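[1] Just the structure for this:
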Amino acid sequence: MSRAHGRRSHHRGLDSKYVAHAGLLQRIAPVRAAVAATRRVHAQVATTEASQRLEEVSSAGSATPAVDPYVVPPVNHRELPTNYAPETRFTVDSVAAADALRFRLDPSVEFWANHLTRIRTLANSRSFSDVPSQEITNRQRLADLVATVTDLLSTSALQDAESAAYWTYHLGRAGFFLGASAGGAIAHHLSEQFSALSSSKEAARTPLQNLSANATSELTNRLAECIAVWKQDLENIKKGLYKLPWDMTTLSHRQYNPLFVLSRSAQFFSEAIYTLNRRINNADPNNWFSTNMYPKYYADNTFHYQTDGWFSSGSANVYEFSTEALFFGRQDAMQRTTLVPLAEHIRATGADPAGMTLLEVSCGTGRFHTFVKDNYPTMSTIASDLSPFYLSKARDNVKYWKSMRAASLDLGGTDKTGTDYMQCAMESIPLPDASVDAVLCVYSFHEMPEGARLAAVQEFYRVLKPGGLAVLTDSAQLGDRLEWDRNLGQFGNFNEPHYRNYIACDFGAMFESVGFNCGTKYVASASKTLSFTKPYTPKGNSDGNGFATAAAANGNGNGKAAVSAADLEISAGAGGHPLVAGDPQLN
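    Numbers count the residues shown, from 1 in each chain. Got it, this is the predicted structure:
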């Protein structure tokens, strides 16, 4: 591992900032032995290292303060009640420290680790007795935001016409989704008040009241977060890693149609009332029907308390709007970071996109898939999802993209879009061995139990060609945003039963256990992206086609990695037979 890490440290194209940062990573060598011995990297070590980096950057003349009242103290935040999950095979105390041992760190990793945005609602910030007593005044917060915007105008927005257009669009996007988010909270608050009046009961405290009590802080911090991630997004565009967002540059796009926007807004306001009610009342998370056709973890839970879970067209229609409102319009930019390792892989290998096949697992509504299509229209792609409703929505979105951007082209595939669709669990992908060049997985692993994630990773390895790329984009984890560690697990309260295990899951170790080589780590606000490659020369026994490791360990001899009941941490299935990847009982 040390030799591979050394090679990545000399990766061509690294700027001086990363080279300096790579030198700092040498100081965590003692952690390497701890990882090998216990598979656990302690948060105290990671936090101490981060503090040292801050001090050294400050002494070098950086404007970043060496000491900030909101930098988390050196304690094990994984043990806090809000973050706690039982220790399992791949859990560690600081994922960021474990990542530093395996991945080349993009400069965005250091930037976001030290980026200070105090996003805490009143309910969150008063949940623990150890919240720092130092408070930044609203006037200071507004001054910071004004300084951020001023710097933005001078360094980016007024640079050229493309930059000006980008910022005009995205600041307008932030205003729109800020208004939508506030409108949803107001609609829910009024609903609660009317309900209390009709029942003569005292109304419960609502999220609107919590947010209003801390409104200036919430608004300035979230807008600052948006500005930082959009600046990173634009820099990636300027580097030629991907295009400007196609929905921004297509002025005939339906998002500019007021009637379409009003329709989607009305759906969102209605959904917000029901979703927030379920959250406040800790409603039954079970779905509206029972089935044994899907993995139990997937079918039996309405994630985020959303209406019908993943099993209705209504849920699929409101999903994109809901998630963008949650992030004030920055979700697309965070997800587009997935395109960075894909572009770098194509550049490094010299591959012709027209000759490649890309699989996106758990594609959801297909919105991100349209960004893939717009950047690589001649690439053959496969969009897979477990939900037939979301898969149908994905098909509609890709068809719409083609009608707007490639109407005259016959790209093959379904609807001449160059895309085919597949309903499946990522734990059991119905594709031949070594049949795709890239696998993308965006915002799914945090909703899966650890055993299901491992089964999925084994399937990624199986279907990828030797030299193929796997990219995982999902929520930030412990250590990625030091200031957030204290309360990161609170998202698990929003009917995300596997989230606390997710934020402590060492994916570098998991992917390596199957045979992958770790590549590069990127961070973008609340998201992180990890890249992996399947080696041409497999690690361990091989059948000559690059299939090794898990398959050899399980002794099935067919190149497909089986998963034992012990790995999945579940009981044997009906009749005492062990459950394997794809089994409907896998939970």
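[2] contacts and neighbour counts: CA atoms only from here.
    Fine.
[3] Who are the packing partners of the helix ranked longest in the chain?
    In the chain, with assignment by DSSP state H, the single longest helix is helix 161-199. When contacts are defined as 3 or more CA pairs under 8 Å, 6 or more residues apart in numbering; DSSP states H and E, helix 161-199 packs onto helix 207-213, helix 215-238, helix 258-280, helix 313-326.
[4] repeat that for 7 Å
    Packing partners of helix 161-199 (3 or more CA pairs under 7 Å, 6 or more residues apart in numbering; DSSP states H and E): helix 207-213, helix 258-280, helix 313-326.
[5] Could I get the average pLDDT for it?
    What helix 161-199 shows for mean pLDDT is 88.
[6] Relative to the whole chain's centre, how far out is that helix?
    Averaged C-alpha coordinates place helix 161-199 at 22 Å from its chain's average position (CA atoms, centre = their mean, to the nearest Å).
[7] Stretch 483-490 now?
    16 Å.
[8] Could I get the CA-only coordinates of that stretch as PDB?
    Provided in PDB are the C-alpha atoms of stretch 483-490 (Å, rounded to 0.1, in the frame of the first residue of the first chain):
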ATOM      1  CA  GLU A 483     -16.800  21.000  12.100                       C
ATOM      2  CA  TRP A 484     -19.800  18.800  11.200                       C
ATOM      3  CA  ASP A 485     -18.600  15.700  13.000                       C
ATOM      4  CA  ARG A 486     -20.300  16.500  16.200                       C
ATOM      5  CA  ASN A 487     -23.800  16.300  14.700                       C
ATOM      6  CA  LEU A 488     -23.300  14.500  11.400                       C
ATOM      7  CA  GLY A 489     -25.400  11.400  12.400                       C
ATOM      8  CA  GLN A 490     -28.500  13.500  13.000                       C
END
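[9] Check which residues of it are buried.
    The neighbour-count check on stretch 483-490 (16 or more other CA atoms under 10 Å) flags 483-489 as buried.
[10] Same question for stretch 206-215.
    206-209, 211, 214-215.
[11] Looking at these, which is nearest Q159?
    A215 (32.1 Å; CA to CA).
[12] T206 versus the closest one, what's the distance?
    A215 sits 14 Å away from T206, going by CA to CA, to the nearest Å.
[13] Who are the contact partners of L105?
    For L105, the contact set (CA atoms under 7 Å, 6 or more residues apart in numbering) comprises 520-522.
[14] Tell me the backbone dihedrals of it, please.
    L105 adopts backbone torsions of phi -100, psi 110, taken as degrees, to the nearest 10.
[15] and it, bridged to which residues?
    K521 (DSSP bridges).
[16] can you pull the contacts of the closest residue to F269 other than its chain neighbours?
    Sequence neighbours aside, G184 is the residue nearest to F269 in space, at 4.8 Å (criterion: CA to CA, 6 or more residues apart in numbering). For G184, the contacting residues are 269, 272-273, by CA under 7 Å, 6+ apart.
[17] can you put those in JSON lines and add distance to T338?
    JSON lines is the format used below for the contacts of G184 (distance: CA to CA, whole Å):
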{"residue": "F269", "distance to T338": "30"}
{"residue": "A272", "distance to T338": "29"}
{"residue": "I273", "distance to T338": "32"}
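[18] Distance to I280, pLDDT and neighbour count for those - can I get that in TSV?
    Output for the contacts of G184, formatted as TSV (distance: CA to CA, whole Å; pLDDT from 0 to 100; neighbours: other CA atoms under 10 Å):
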residue	distance to I280	pLDDT	neighbour count
F269	17	91	22
A272	12	89	23
I273	11	88	19
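[19] can you give me the helices for the stretch 451-587 of the chain?
    Secondary structure of the stretch 451-587 of the chain, counting by DSSP state H, counting those that start in this stretch: helices at 499-502, 507-514, 550-554, 565-568.
[20] partners of the top strand by length along the chain, with directions?
    In the chain, taking DSSP state E as the definition, the longest strand is strand 464-475. Paired with strand 464-475 in the same sheet, following DSSP bridges, are strand 436-442 (parallel), strand 527-533 (antiparallel).
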